[in-house]
Each structure stands twice: as structure tokens, then as C-alpha cells.
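A.B. asks: Here's my sequence, what's the structure:
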Amino acid sequence: MSWRYWATFLINEQPFIAIYLLVADSALALSEGDLASPGGKAVFAVAVLTVAGLGILIARAFQAGKVLSQTGPRNWVHILVAPLSYRRRDVTIARNISYGEAGKQNLLDVYHRRDGRGDGPVLVFFHGGGFRIGSKNREARSMLSLLASQGWVCVNANYRLAPGAGYPDHHVDAKKVIAWVREHIGEYGGNPRTIIASGSSAGGHLAAMLALTPNDPVFQPGFEDADTSVQAAIGFGGYYGRLDGPGSSPLDRVGEAPPFLFVHGTNDSSTLIEDTREFAAKLRAASSRPVVLAELPGGQHGFDLYYSLRYSYVVDAVAAFGKTIDRYL
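C.D. replies: Just a heads-up that it's a prediction; the model follows:
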């Protein structure tokens, strides 16, 4: 992604930071008398108009609460002061646990409560990056930590990437992660009865394929007897197209499926919301289980990189979605 994306992304998803900078700069100019001149007044007027525009971005972020039916109070300290923070005192992270033979690309982290109380679902998350870049040290960490504090046990996994790996290697690794979870998650207070596969962008592709290919031996070489089924799937700005020939896209696998939740920004410039709409529509036609598509007004790709106002509503919606899964088991 270009620097233009990152510049606009940061302002779109965290407009408060831009407001802080504009206010600080205007206060400094005022203290030094720079606003007294005609040029200074003109610059200040532009700053005021910019803040008004940023207010529109904030209003769009608020709209996510209505879309997701989450209108409760927000943690404004987290949103305004520490959007990059994800650590919580009541949560511990078991880091860099090996689940396969591919070194650093087969490591995972487990987020769980320090007191061992894990009565919620198990969430397994896969990062984005177009199957070429990325790691478990990037997206969704604030969500994983917050859910863990509520009693979930969350797994954040690396997987093999191109050019050293291709289809179906990424999906084989995702299956290995689920097999590891079923065997070991009890050691961290988790219950493998309810496993929700999730991911951003390319990770959304992995989550969808996990949900639509339960125990498929094609993706389980050497561990064909392992149970790699999942009980739900969540995609955040997911890519759902083909990676190779027929069968390499979740759209090729549509049929009876566990519950799905799709969350996609309407301003996503990397993965098309139209493709997610198509996928959701085909799933609704083929499956008897719920298929929910939440379109985030003004949301960009990668909205889960830090804890923004918009993402706070998404996290609450995931928690609410998780509470509905047991009725479909």
C-alpha cells in the first residue's frame, strides 16, 4: 500500500489525532501572534474548516454503532488517548507457540484471562497482507485482548506466505491451527466446543474456507483424522476471490455453513465491498444458518489496526455475535 493510503487511512480511522495536531498548531500560532496577519487569519480559517470536515468523519464512525446495533457507552480514554494500546492487566498472552514445522511462520499467541476463567468462545484470528506480508503482531490485538478479558480465549496465528508458499499451503496451516486448538486450548482455559474462525483481508479468506471445508482431507495432509471444523466465521474487509484454479475461493465452496458475520467498510479501497455482498447473498441462498453483513459507513481497509471509535463498535458486535453461536451447535 502506498503512502497516500496510509495518510488518508490514519485520518479517516483516527480523525481525533488530526484534530489534536490542528489545535496544537493553532494554539502555538496564537501564542506567537501569527494569527493577527491576514495570512494567519486565512490559515486559521482553513484549519477551522478542516476540523469541521474531521467532524464529519467522526459522525460516520458513530454510525457504525447503529449499523452494528451497539450503542452503549464507549471507552473514550482508550479511543482518544491510547488507540495503539492492547495490553490489559487481567489478560496474559502466551507467545510464540509452535503449531507446525515452518518456523516463525507457524507460531501463534494465546490471549487468556490471568485467573483462568474462560467460559466464552474460542476465537482464532488470521492476519491480512495478501498472503505475502503481515504477521500476528499487527491487526486485531485490541479486540483479542478485550474479548479475552470477557472470558474468551483468543488465538492469533502466523501462516506461511508467498513467495515461499502458495495455495493451498496457507489453508493447510490454518487447518493445523484449528487442530492445535482442539488439542491444546484447554490448557489455557478454553473450550473447543465453540471455535470461531476470523481474519482480516486475506485472513478473512482463510476463515471462510475453514468454515466451508470442514475436515476436508485435501487441506489436511498428514493429519486427515483431526477435527478442523469451526462453529462460525467472521471476516473483516475480507478478500474472497480465487488464489489459483477452481476450488481456491470460498465462493466455489458455498453450501450449508455455520453462522457468518461479515464486516466491511464502505470506503474500502483494497477489497471490494461488492464482492463481500455477493458472497453473503450466495451464502444466504445456500445455508440455513445466519449470514450477517455489516457495512461500516466510511470505513477503510484495515480498520482493525488500532482501537478507534469505529472499531470499538465492531469489537462489541463480535462479542454479541459470539453469544448467539451455541444455539446452532
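A.B. asks: quick one: average pLDDT of stretch 97-105?
C.D. replies: In this model, stretch 97-105 carries a mean pLDDT of 98.
A.B. asks: List the contacts of it.
C.D. replies: With C-beta atoms under 8 Å, 6 or more residues apart in numbering as the test, stretch 97-105 has contacts from 106-110, 157-161, 165, 173, 176-177, 180. C-beta coordinates here come from the backbone N, C-alpha and C atoms, glycine included.
A.B. asks: Out of those, which comes closest to Gly245?
C.D. replies: Looking at the contacts of stretch 97-105 and their distance to Gly245, the nearest is Ala165, at 16.9 Å (C-beta to C-beta).
A.B. asks: quick one on the thing from earlier: of the contacts of stretch 97-105, which belong to helices?
C.D. replies: Counting by DSSP state H, the contacts of stretch 97-105 place Asp173, Lys176, Val177, Trp180 in helices.
A.B. asks: from memory the third one sits against Asn156, does it?
C.D. replies: No: contact criterion C-beta atoms under 8 Å: Val177 and Asn156 do not qualify, at 9.8 Å.
A.B. asks: So for the two, which residues contact both of them?
C.D. replies: Any residue near both Val177 and Asn156 by C-beta under 8 Å, 6+ apart counts here, and that gives Leu108.
A.B. asks: okay, how far is it across stretch 259-268, tip to tip?
C.D. replies: Between the opening and closing residues of stretch 259-268 lies a distance of 24 Å (C-alpha to C-alpha, to the nearest Å).
A.B. asks: Drop anything exposed from the ones in helices among the contacts of stretch 97-105.
C.D. replies: Buried members of the ones in helices among the contacts of stretch 97-105, counted by 16 or more other C-beta atoms under 10 Å: Asp173, Lys176, Val177, Trp180.
A.B. asks: Can you lay out these as a markdown table showing pLDDT?
C.D. replies: Output for these, formatted as a markdown table (pLDDT from 0 to 100):
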| residue | pLDDT |
| --- | --- |
| Asp173 | 98 |
| Lys176 | 98 |
| Val177 | 98 |
| Trp180 | 98 |
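A.B. asks: count of neighbours near the closest residue to Val67 other than its chain neighbours?
C.D. replies: The spatially closest residue to Val67, leaving aside those adjacent along the chain, is Ala294, at 5.4 Å (C-beta to C-beta, 6 or more residues apart in numbering). By other C-beta atoms under 10 Å, the residues close to Ala294 number 19.
A.B. asks: I'd guess Ala294 is in a helix, am I close?
C.D. replies: No: counting by DSSP: H, G, I helix; E, B strand; the rest coil, Ala294 is not found in a helix; it is strand.
A.B. asks: can you start the count at 47 instead of 1 from here on
C.D. replies: Renumbered: residue one is now 47, and that last one reads Ala340.
A.B. asks: Who does it form a beta bridge with?
C.D. replies: Applying DSSP bridges to Ala340 gives these bridge partners: Val309.
A.B. asks: what residues are up against it?
C.D. replies: Each residue near Ala340 by C-beta under 8 Å, 6+ apart is listed here: Val113, Leu114, Leu307, Phe308, Val309, His310, Ala363.
A.B. asks: do the same with Ala254
C.D. replies: With C-beta under 8 Å, 6+ apart, Ala254 has these contacts: Ala279, Gly281, Gly284, Tyr286, Pro296, Phe306, Phe325.
A.B. asks: Tell me if it really is in a helix.
C.D. replies: Yes: assignment of Ala254 by three-state DSSP places it within a helix.
A.B. asks: Now do the same for it: its pLDDT.
C.D. replies: Predicted confidence (pLDDT) for Ala254: 98.
A.B. asks: Between the two ends of stretch 179-192, what distance do you get?
C.D. replies: The first residue of stretch 179-192 is 25 Å away from its last residue (C-alpha to C-alpha).
A.B. asks: what do you get for stretch 52-65?
C.D. replies: The first and final residues of stretch 52-65 sit 17 Å from each other (C-alpha to C-alpha).
A.B. asks: cool, stretch 116-131 as well?
C.D. replies: Terminal-residue distance, stretch 116-131 (C-alpha to C-alpha): 22 Å.
A.B. asks: Helices of this protein, residue ranges please.
C.D. replies: Taking DSSP H, the helices of the chain run over residues 49-59, 61-77, 84-113, 122-127, 187-195, 215-230, 248-258, 319-332, 355-368.
A.B. asks: coming back round to it: I'd like the distance from the residue nearest to Val113 to Phe308, if you could.
C.D. replies: In this view, Ala340 and Phe308 are 7 Å apart by C-beta to C-beta, to the nearest Å.
A.B. asks: What of Gln266?
C.D. replies: 26 Å.
A.B. asks: Those two: who's more crowded?
C.D. replies: Between Gln266 and Phe308, counting by other C-beta under 10 Å, Phe308 is the more crowded of the two (24 against 20).
A.B. asks: Now do the same contact list for that one.
C.D. replies: Going by C-beta under 8 Å, 6+ apart, Phe308 touches Ile280, Gly281, Gly284, Thr322, Phe325, Ala326, Val337, Val338, Leu339, Ala340.
A.B. asks: Can you list the low-confidence ranges for the protein?
C.D. replies: Low-confidence segments of the chain (pLDDT under 70): 47-49.
A.B. asks: quick one: contacts for the closest residue to His251 other than its chain neighbours?
C.D. replies: Computed as C-beta to C-beta, 6+ apart, the closest residue to His251 that is not its neighbour in sequence is Tyr285, at 5.3 Å. With contacts taken as C-beta under 8 Å, 6+ apart, Tyr285 has the following neighbours: Gly176, Ser247, Ala248, Gly250, His251, Thr317, Asp321.
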